[in-house]
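**Q** Sequence first, then the predicted structure:
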Amino acid sequence: MLLNRWQIATIFYIVFVIIIISVKPSMMFTAEGHVKSWSTYKSEESSVFSPIIVFPMMAIICYYLGIWIELLLIN
């Protein structure tokens, strides 16, 4: 097999992180481009969708995506 699930997941994760850092969505970054802190309190400097929360969740999703793609390639 050409790629295993870890390699696939790592490639997807790196691509997604680069896209998020390049786009800088307003729910994760301030207007000046700084990372928002995590908080349930609504303010300009905090967000529920902080990179501290989003990046680990995205890593888990990329791992399952890697498993799914690996299973598709095997069959």
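**A** Yes, it's here.

**Q** so where's this protein shaky on pLDDT?
**A** 1 (pLDDT under 70).

**Q** just the helices in this protein please.
**A** Ranges of helices within the chain are 5-23, 51-74, based on DSSP state H.

**Q** would you list the ones you listed in CSV and tack on distance to residue 33?
**A** For the C-beta atoms, the positions are set from N, CA and C on the backbone; glycine is no exception. CSV is the format used below for these (distance: least, CB to CB, whole Å):
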stretch, distance to residue 33
helix 5-23, 10
helix 51-74, 12
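
**Q** For residue 36, find the nearest of the ones you listed.
**A** helix 51-74 (8.1 Å; CB to CB).

**Q** and the helices of the chain as a markdown table, adding mean neighbour count?
**A** Listed next are the helices of the chain as a markdown table, based on neighbours: other CB atoms under 10 Å:
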| stretch | mean neighbour count |
| --- | --- |
| helix 5-23 | 14 |
| helix 51-74 | 14 |
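
**Q** Which of those helices sits closest to residue 37?
**A** helix 51-74 (7.9 Å).

**Q** Remind me what the closest one packs against, helices and strands.
**A** The contact analysis (3 or more CB pairs under 8 Å, 6 or more residues apart in numbering; DSSP states H and E) places helix 51-74 against helix 5-23, strand 37-38.

**Q** That helix relative to helix 5-23, how many degrees between them?
**A** With axes from the mean of the first three to the mean of the last three CA atoms, to 10 degrees as the basis, helix 51-74 and helix 5-23 are set at 140 degrees to each other.

**Q** Figure out how far helix 51-74 is from the centre of its chain.
**A** Helix 51-74 has its C-alpha centroid displaced from the chain centroid by 9 Å (CA atoms, centre = their mean, to the nearest Å).
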